[in-house]
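In: build me a structure from this.
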Amino acid sequence: MFKDRLRQLRKTRSGLTQAKMAKYLGIAKTTYASYEQGNRMPDIEIQKELADYFNVSLDYLHGRPNDLEALSMKQIRVASRINEDFTEYQLSEIITFIEFIKNRPE
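Out: Alright, predicted model coming up:
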């Protein structure tokens, strides 16, 4: 799954080649190509650089769904109502209330 996600992410960026990614990471093109072919697994530091570059989590790189894929439509609607207009205190209160609702018997 890692190799598939890596290739997919690279191909979503117009003009981003294996050679350009290898240069960015400071590795040989053949080394990078072997990651996409599934012949080698990059060390954790390279994996972190890849995740940062593509703005995804390590979990996503390893095949787990990203946060939005894991949410239901109801959850997305609730989450979309929470924005930067809330203070830190208000956000803390929202989380406390959610935990209260989640833990109370039906």
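In: so where do the helices sit in this protein?
Out: Remark: helices assigned in the chain by DSSP state H are 2-11, 18-25, 29-37, 44-54, 58-61, 67-70, 73-80, 88-103.
In: which stretch in those helices is the model least sure about?
Out: The weakest mean pLDDT among the helices of the chain belongs to helix 67-70, with a mean of 56.
In: that older thread, so can I have CSV of the helices of the chain showing mean neighbour count?
Out: Where C-beta positions appear, they are placed from N, C-alpha and C, glycine not excepted. CSV is the format used below for these (neighbours: other C-beta atoms under 10 Å):
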stretch, mean neighbour count
helix 2-11, 16
helix 18-25, 16
helix 29-37, 17
helix 44-54, 15
helix 58-61, 16
helix 67-70, 10
helix 73-80, 10
helix 88-103, 10
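In: now the residue lying closest to residue 46 once chain neighbours are set aside: how far from residue 77?
Out: Closest residue to residue 46 apart from its sequence neighbours, by C-beta to C-beta, 6 or more residues apart in numbering: residue 25 at 6.0 Å. Plainly put, residue 25 is 39 Å away from residue 77 if you go by C-beta to C-beta, to the nearest Å.
In: how is this protein carved up into domains?
Out: 2-65, 71-103 (automatic domain parsing).
In: now do the phi/psi pair for the residue nearest to residue 34 when sequence neighbours are not counted.
Out: Nearest residue to residue 34, sequence neighbours excluded (C-beta to C-beta, 6+ apart): residue 40, at 4.1 Å. Backbone torsions for residue 40, taken as degrees, to the nearest 10, come to phi -140, psi 150.
In: burial of residue 40, as a residue count?
Out: Other residues near residue 40 number 14, with proximity taken as other C-beta atoms under 10 Å.
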